[in-house]
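Kindly return the folded structure for what I paste below:
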Amino acid sequence: MSEDMYDERFAEFVAKTIRGPRFGAFEQLVAQHLVAAVASDPLRKIRLVCEAAYMCNPEKLNIDLDRLEVTYKVATSLMNAVAHPDFPVPVYTIPWAFEPTAENFKRYIEPWLTGRFSYSYQGPEDERRKIVKAIQEMEKHEAFFTITMGRRYTKLPPDSYWLLVNQFIGWAIPFVQQVFEKVSRTVSPTVYNEVLRVMARTGEAFPRERGRRETSMGERG
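As a prediction, the model looks like this:
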C-alpha cells in the first residue's frame, strides 16, 4: 500500500472514530500530522510538521516563512529521490522542487550543505574524461544540480545520497522541533490525546519510514 493511500485511510478512520461534532475536522487533521510526526523517520517528520504549520497560518504563529518553505521543499525533494536499479550499483537522482539556478542554490542548498560528496559516472567511457573535466570547471551551483539531477550521465551513489540527507536533517531538525512546539499550541490536549489513542488502537498506525520505498528513493544501502 502506498504512503498516500495509507494516510487517506487512516485519516478517514480517525475521523470516524472521533465521531463528529465533538472536535473540529481542522483540529483533528493538525493533530494527526503532529502525532504521526513523532514516530516517523526524520524526513517524513520534517514534511508532516511543515504541512501542519502551513495549515495553521505560520505567520500568526511567528514562524519564519522563508525557512519553512526552504525546509519543506528540500525535504519533499529528498523524499522523492528516484532510484535507478538498472545500473551495476544502485544510484539516485533528485527532482528538486525549485529551479536549479544560482539564486536557488544559495537559498535552498547552501544553508545545510556542509561537505563534499562523490558522484557516479554512468555514460560512455570515451566521454568520461571530457565530462569529468566539464563538471570540474562548472560553477558550484551548476555542478551540484548537474550531479544530483542526473545530467551529463551522472548519478548519486547511495553513500552520497544519504550524506546529503543527513546533512539536511542535521540542519532542519532544530527548526522543525521549534515549529512543532508552536503548532502544538493550536491543538487542545483532548484532541491530541484522542488521536493518539486511535493510533494506538490501530496497532500499525502510520508505518515507519514510509518514505524509503523502492519506487521513490529505494532501500537504504
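
Counting neighbours, which bits of stretch 151-163 end up buried?
Neighbour-count burial for stretch 151-163 flags 152, 154-158, 160-163 (criterion: 16 or more other Cβ atoms under 10 Å). Any C-beta I mention is one placed from the backbone N, CA and C, and that applies to glycine too.

Give me the contact list for that stretch.
The contact list for stretch 151-163, computed with Cβ atoms under 8 Å, 6 or more residues apart in numbering, reads 81, 84, 87, 89-94, 115, 117-124, 127, 131, 134-135, 145-148, 164, 217, 220-221.

Mind putting the buried residues of stretch 151-163 into TSV with secondary structure, distance to Gln32 and pLDDT?
Formatted as TSV, these follow (DSSP: H, G, I helix; E, B strand; the rest coil; distance: Cβ to Cβ, whole Å; pLDDT from 0 to 100):
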residue	secondary structure	distance to Gln32	pLDDT
Arg152	coil	43	86
Thr154	strand	39	91
Lys155	strand	36	91
Leu156	strand	33	94
Pro157	coil	36	93
Pro158	helix	32	93
Ser160	helix	34	95
Tyr161	helix	29	96
Trp162	helix	29	95
Leu163	helix	32	96
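
May I ask which two of these are separated the most?
Arg152 and Trp162 (22.2 Å; Cβ to Cβ).

Pro42: which of the buried residues of stretch 151-163 is nearest?
Nearest to Pro42 out of these is Trp162 (Cβ to Cβ; 11.5 Å).

That closest one and Glu142: what is the separation?
If you measure Trp162 against Glu142 using Cβ to Cβ, to the nearest Å, the figure is 23 Å.

try Ser77
The gap separating Ser77 from Glu142 is 18 Å, by Cβ to Cβ.

now Leu65
Separation of Leu65 from Glu142 (Cβ to Cβ) stands at 28 Å.

who has more neighbours, the two?
Taking other Cβ atoms under 10 Å, Leu65 and Glu142 do not tie; Glu142 has more neighbours (17 against 11).

same for the strand or helix carrying that one, what does it pack against?
Assessed by DSSP states H and E, Glu142 sits inside helix 140-148. Counting contacts by 3 or more Cβ pairs under 8 Å, 6 or more residues apart in numbering; DSSP states H and E, helix 140-148 packs against helix 102-104, helix 125-136.

Tyr192 is nearest to which of those?
Checking these against Tyr192 by Cβ to Cβ gives helix 102-104 as the closest, at 36.3 Å.
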